[in-house]
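# Fold the following.
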Amino acid sequence: MARPLNAADNPDRAATAAPGHNRPGLDSEAVRQARIDLAACFRMAARLGLHEGICNHFSAMVPGHDDLFLVNAYGYAFSEVTASNLLVCDFGGKVVAGSGEPEATAFYIHARLHKALPRARVALHTHMPYATALCMVDGDPLLFAGQTSLKFYGRIAVDSAYNGLALDNSEGDRIAAAAGYADIVFLKHHGVLVLSPSIAEAWDDLYYLERVCQVQCIAQATGRPVQPIDPAIAAATARQIQDENAESARLHLQSVKRILDREEPDYKH
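Numbering: from 1, shown residues only. I've put the predicted structure just below:
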């Protein structure tokens, strides 16, 4: 279902300019920390069953750069990702740093998202089971019947135009257009995207999104009607949650790294 990106996929690849010399180096402390943070997300996602073989992908713009992004190399399970084996790619598909190639759909989704939506410094794409299950049913994916779900109230888009694998720029551009101003995109018949200004906030959203979808699936499985929260209360509560979101997310990712430091310290390597 997946394959690596190759030069024939993107005719613009060879013509892509090298990174400018007036920007931070790729070995800076900020870049190193971004690698560690993103690797931590991969490892914890694997622990929680949010991955699917070697086919899903996370990316983050390189600190200090607007045209380079970190992404996992094709062929690695999430549990194998380390800070050092993440690739640095440009928007033309050239691997600027690292060994290997990105998976083809990873490039066409993530490169086009980051290019079209500068606010999306981080993009996490998974086929995690409960969220993906809600991409497969009629109607809105979330019913906003539980308090935690209100973290996502007013932040969701649904891309209903499934077109098969994303193997060209036009499909990546279409997904970016469908995202619009949303932070969470349910891709019908496919999976979900989380878009965020920071790695910590992206991880926090990904984690809680799957939890919310799981609880909703359990509620619906009872066969009893699910009662949505009053829209006015939902909107007010969503604002309360967002006021604390950045700090809560920062602390959440720190807790993830403390766990991994004890139990899987090689993620930093």
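# Show me what secondary structure element comes after the helix ranked longest in the chain.
Ordering each helix of the chain by length in residues (DSSP state H) puts helix 199-221 first. Per DSSP states H and E, helix 199-221 leads on to helix 231-243 as the next helix or strand towards the C-terminus.
# And the helix or strand following that following helix, what does it pack against?
Counting by DSSP H and E, the next helix or strand C-terminal to helix 231-243 is helix 245-263. For helix 245-263, the packing partners by 3 or more C-beta pairs under 8 Å, 6 or more residues apart in numbering; DSSP states H and E come out as helix 29-47, helix 199-221. Glycine gets a C-beta too; all of them are placed from N, C-alpha and C.
# I'd like the ones you listed laid out as a markdown table, including mean pLDDT and distance to A77.
Shown next, in a markdown table, are the helices and strands packed on helix 245-263 (pLDDT from 0 to 100; distance: least, C-beta to C-beta, whole Å):
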| stretch | mean pLDDT | distance to A77 |
| --- | --- | --- |
| helix 29-47 | 98 | 7 |
| helix 199-221 | 98 | 17 |
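# For the longest helix of the chain, buried residues please.
199-214, 216, 219-220 (16 or more other C-beta atoms under 10 Å).
# For the helices and strands packed on helix 245-263, please prepare TSV with the additional fields distance to A106.
Formatted as TSV, the helices and strands packed on helix 245-263 follow (distance: least, C-beta to C-beta, whole Å):
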stretch	distance to A106
helix 29-47	13
helix 199-221	15
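# For L142, what is the enclosing helix or strand?
Following DSSP H and E, there is no helix or strand that holds L142.
# Tell me how far it lies from V215.
Separation of L142 from V215 (C-beta to C-beta, to the nearest Å) stands at 11 Å.
# Return every residue with contacts to both of these two.
S149 (C-beta atoms under 8 Å, 6 or more residues apart in numbering).
# Report the contact partners of the closest residue to A246 other than its chain neighbours.
Leaving aside its chain neighbours, A246 sits nearest to E201 (6.2 Å; criterion: C-beta to C-beta, 6 or more residues apart in numbering). Counting by C-beta under 8 Å, 6+ apart, E201 touches 122, 245-246, 249.
# let's see 10 Å
121-122, 183, 194-195, 245-246, 248-250, 252-253 (C-beta atoms under 10 Å, 6 or more residues apart in numbering).
# Then M61?
Residues near M61 by C-beta under 10 Å, 6+ apart: 34, 67-70, 110, 114, 118, 120-123, 197, 199.
# could you pull out the helices for the stretch 1-150 of the chain?
Per DSSP state H, counting those that start in this stretch, the stretch 1-150 of the chain carries helices over the ranges 29-47, 104-116, 129-133.
# N163: which of those is closest?
helix 104-116 (11.6 Å; C-beta to C-beta).
# tell me the mean pLDDT over the closest one?
Helix 104-116 comes out with an average pLDDT of 94.
# list the helices and strands that helix packs on?
strand 57-61, strand 68-71, strand 87-90, strand 122-126, helix 169-179, strand 191-196 (3 or more C-beta pairs under 10 Å, 6 or more residues apart in numbering; DSSP states H and E).
# can you tell me which of those the model trusts least?
helix 169-179 (a mean of 92).
# what does it contact?
Contact partners of helix 169-179, identified using C-beta under 10 Å, 6+ apart, comprise 9-12, 91, 93, 105, 107-117, 120, 123, 125, 157-161, 163-166, 168, 185-188, 190, 193, 195.
# residue contacts, N163?
170-171, 174-175, 189-190.
# Neighbour-wise, which one of the residues you listed leads?
Tallying neighbours with other C-beta atoms under 10 Å puts I175 at the head of these, with 24 neighbours.
# Of the contacts of helix 169-179, keep whichever come out buried.
Buried by 16+ other C-beta under 10 Å: 9-10, 91, 93, 105, 107-115, 117, 120, 123, 125, 157-159, 166, 185-187, 190, 193, 195, out of the contacts of helix 169-179.
# Quick one: the contacts of M61 as JSON lines, columns for distance to L26 too.
Shown next, in JSON lines, are the contacts of M61 (distance: C-beta to C-beta, whole Å):
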{"residue": "A34", "distance to L26": "10"}
{"residue": "D67", "distance to L26": "13"}
{"residue": "L68", "distance to L26": "8"}
{"residue": "F69", "distance to L26": "12"}
{"residue": "L70", "distance to L26": "10"}
{"residue": "H110", "distance to L26": "18"}
{"residue": "H114", "distance to L26": "16"}
{"residue": "P118", "distance to L26": "20"}
{"residue": "A120", "distance to L26": "21"}
{"residue": "R121", "distance to L26": "16"}
{"residue": "V122", "distance to L26": "18"}
{"residue": "A123", "distance to L26": "19"}
{"residue": "P197", "distance to L26": "21"}
{"residue": "I199", "distance to L26": "17"}
